[in-house]
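> sequence and predicted structure below; questions after.
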Amino acid sequence: MLYQLLFPLRDRFFAFNVFRYISFRTFSAALTAFVLTLLLLPIFIRKMKNTVHTERISEYVPQGHKKKEGTVTSGGLVFLPVVLISVFLWAIPWNPFVYLSLFVLLYLGILGYVDDRLKKRGHKKGGLSQKAKLFYQSILSAFVLFCICRLYPPEYATSTQVLFFKNVFLELGVFYLLLVIFVFVGTTNAVNLTDGLDGLAAGVSLPPMAVMLVVAYVTGHRILSHYLNILYIPGIGELSVFAGAFIGALTGFLWFNSYPAEVFMGDTGSQALGGSLGILAILTKQEVLLAVAGGLLVIEALSVILQVAYFRSTGGKRIFKKAPLHHHFEEKGWAEPKIVVRFWIISLVFAIIAISTLKIR
C-alpha cells in the first residue's frame, strides 16, 4: 500500500525512492510487525484472562506443566493479523505470490482457531481429528497447486529443485500434489508438536523463516539467482516482505512467550506458522531445503513417529521417556529454559547449513 502511495512521488521527494528496494520494505515490515505485536499482545493477554482462551494441560505431558494451566493461548489471533497488516503496508499489493501466501496464512489460521475453540470448549477433547485436518489441508494443497500451474511455466510448475546440483529439478508431474500435501501436513504438525515449551516453537521457527526470506530474495533477483544457480522467478522477491513481517511478529511474540510464558500461540498460530514456512518453500521450489533449514522441526516430528511406531510394534516399549523429544529431556531432569535455548542453537545450526548449500553446487 505504501509503495503504491509514496513511490510515485519520488520525483518530488527523492527519499521515497527507497520504496523500490525490497530490502528496505522487508526491514520495515519486520519492524512494523515487531512493534505492533509488542503493543497489542499485552492488551490481548489482559482481555483473554479467565476466558476459554486459556491453556488446558494434557495428561500426557510432564507433571511440571501443570503450573502452565490458565496461561492465555491462541496468541496467533494477535500476531497473524499483525503479519497481514505489515505485508499490506509494505509489499507490492498486486503481487500474486504475496496474495497466495496470505491466503494460506488465513486459511490455516482459521483452521487452527477452529481446532483451538473445539479443545477449549470441550466439544472434542483433542480438537479437530487428524482426518479432518488432512482433508482441509489437502483441499488447500490442491488449490495451491492449481495456482502454481497458472503462475509458473509448465517445465517448472510441478518440479522441485535438487540440492547440491546446478539447476537440476526433479519433475514429479501429478505426484507433485502429494509433495505439496506432505509439505503442508509436515510443517503444520511439526510446528504444532514443537509448541510444548515456553518460547520453543517461536524460537526454533525463526532461523528457518530467515532462511526462506533469503531464498525468496535470491530467487527473485536475476543476478544473484544466476550466480547461485537457483531458478529465477520474477516477482517472488516480494515474499521476502512476507517472511520479514513474520520474523518481526514472531520476535515480538517471543517477548511474551519466553519463560515463564504469558501467552501461547495455540493451533491458531502454529498451523499458520508451519503453513507459511511450507508455502515459502513450495513457491520458491525449495521444499528439500526447508527440510534442512527446519531440521530441528523434522527431528521433533520424527521423535513422535518413531515413538508411536516402536510402542505399537513392541507391545508397549518406548524409545524416549516421552515424545516429542523436548519432553524426553524434561523427564531426564533438564530445566525448561536450558532445553529451549539449546534447541534454538540447534535450529540456528541447521539454518546455517541450509544457507551454505546455496553455494555448494
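Great, that's in hand.

> what about residue 299, neighbour count?
By other Cβ atoms under 10 Å, 17 other residues sit near residue 299. Every residue, glycine included, has its C-beta placed from N, CA and C.

> what is the subsequent helix or strand relative to whatever helix or strand it lives in?
Assigned by DSSP states H and E, residue 299 belongs to helix 295-314. Later in the chain than helix 295-314, the nearest helix or strand by DSSP H and E is helix 325-331.

> elements contacting that next one?
helix 295-314, helix 336-357 (3 or more Cβ pairs under 8 Å, 6 or more residues apart in numbering; DSSP states H and E).

> now do the buried residues in the last one.
Of the residues in helix 336-357, those buried by neighbour count under the rule 16 or more other Cβ atoms under 10 Å are 336, 339-340, 343-344, 347-348, 350-351, 354-355, 357.

> ok, now stretch 159-167?
159-161, 163.

> now that stretch - C-alpha only, PDB.
Written as PDB, here are the backbone C-alpha positions of stretch 159-167 (Å, rounded to 0.1, in the frame of the first residue of the first chain):
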ATOM      1  CA  SER A 159       9.100 -29.800 -10.100                       C
ATOM      2  CA  THR A 160      11.300 -29.300  -7.100                       C
ATOM      3  CA  GLN A 161      14.900 -28.100  -7.100                       C
ATOM      4  CA  VAL A 162      17.600 -30.700  -6.100                       C
ATOM      5  CA  LEU A 163      20.200 -29.700  -3.500                       C
ATOM      6  CA  PHE A 164      23.900 -29.600  -4.400                       C
ATOM      7  CA  PHE A 165      23.300 -29.600  -8.200                       C
ATOM      8  CA  LYS A 166      23.300 -26.700 -10.600                       C
ATOM      9  CA  ASN A 167      19.800 -26.100 -12.000                       C
END
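
> can you list the residues that contact that stretch?
168-172, 176, 179, 229-231, 285-289, 292, 357, 360-361 (Cβ atoms under 8 Å, 6 or more residues apart in numbering).

> do I have it right that residue 337 meets residue 260?
No - when contacts are counted by Cβ atoms under 8 Å, residue 337 is not listed as touching residue 260 (9.3 Å).

> between those two, which contacts overlap?
Joint contacts of residue 337 and residue 260 (Cβ under 8 Å, 6+ apart) are residue 198.

> may I see the buried residues of stretch 30-42?
Applying 16+ other Cβ under 10 Å to stretch 30-42 flags 30, 32-34, 36-38, 40-41 as buried.

> could those be laid out in a markdown table, adding distance to residue 86, pLDDT and secondary structure?
Shown next, in a markdown table, are those (distance: Cβ to Cβ, whole Å; pLDDT from 0 to 100; DSSP: H, G, I helix; E, B strand; the rest coil):
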| residue | distance to residue 86 | pLDDT | secondary structure |
| --- | --- | --- | --- |
| 30 | 8 | 98 | helix |
| 32 | 5 | 98 | helix |
| 33 | 4 | 98 | helix |
| 34 | 9 | 98 | helix |
| 36 | 7 | 98 | helix |
| 37 | 10 | 98 | helix |
| 38 | 13 | 97 | helix |
| 40 | 12 | 97 | helix |
| 41 | 15 | 96 | helix |
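
> of all the residues you listed, which comes closest to residue 5?
Of all the buried residues of stretch 30-42, residue 32 has the smallest distance to residue 5: 15.1 Å, by Cβ to Cβ.

> show me what contacts the closest one?
85-86, 89-90, 245, 248.

> where does the prediction get shaky in this protein?
Residue ranges of the chain with pLDDT under 70: 3, 6-11, 14, 50-68, 122-126.

> and the strands in it?
159-161, 169-171 (DSSP state E).

> one step back: now render the buried residues of stretch 159-167 as CSV, adding distance to residue 217.
What follows is those, written out as CSV (distance: Cβ to Cβ, whole Å):
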residue, distance to residue 217
159, 21
160, 19
161, 16
163, 19
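
> between which two of those is the distance greatest?
Longest span within the buried residues of stretch 159-167, Cβ to Cβ: 159 and 163, 13.8 Å.

> mind checking how far residue 211 is from residue 96?
For residue 211, the distance to residue 96 equals 23 Å [Cβ to Cβ, to the nearest Å].

> higher neighbour count, these two?
residue 211 (28 against 14).

> contacts only, for the more buried one.
289-290, 293, 351, 354-355.

> ok, the closest residue to residue 149 other than its chain neighbours to residue 282 distance?
Distances taken as Cβ to Cβ, 6 or more residues apart in numbering place residue 157 nearest to residue 149, at 4.8 Å, with adjacent residues excluded. Distance, residue 157 to residue 282, using Cβ to Cβ: 11 Å.

> which neighbours do the two have in common?
Common neighbours of residue 157 and residue 282 (Cβ under 8 Å, 6+ apart) are residue 148.

> which one's more surrounded, these two?
residue 282 (25 against 17).

> surely the more buried one meets residue 148?
Yes - under the criterion of Cβ under 8 Å, residue 282 makes contact with residue 148 at 7.3 Å.

> can you pick the most crowded of the contacts of residue 32?
residue 245 (34 neighbours).

> and it, what does it touch?
Contacts of residue 245 by Cβ under 8 Å, 6+ apart are 29-30, 32-33, 82-83, 86-87, 90.
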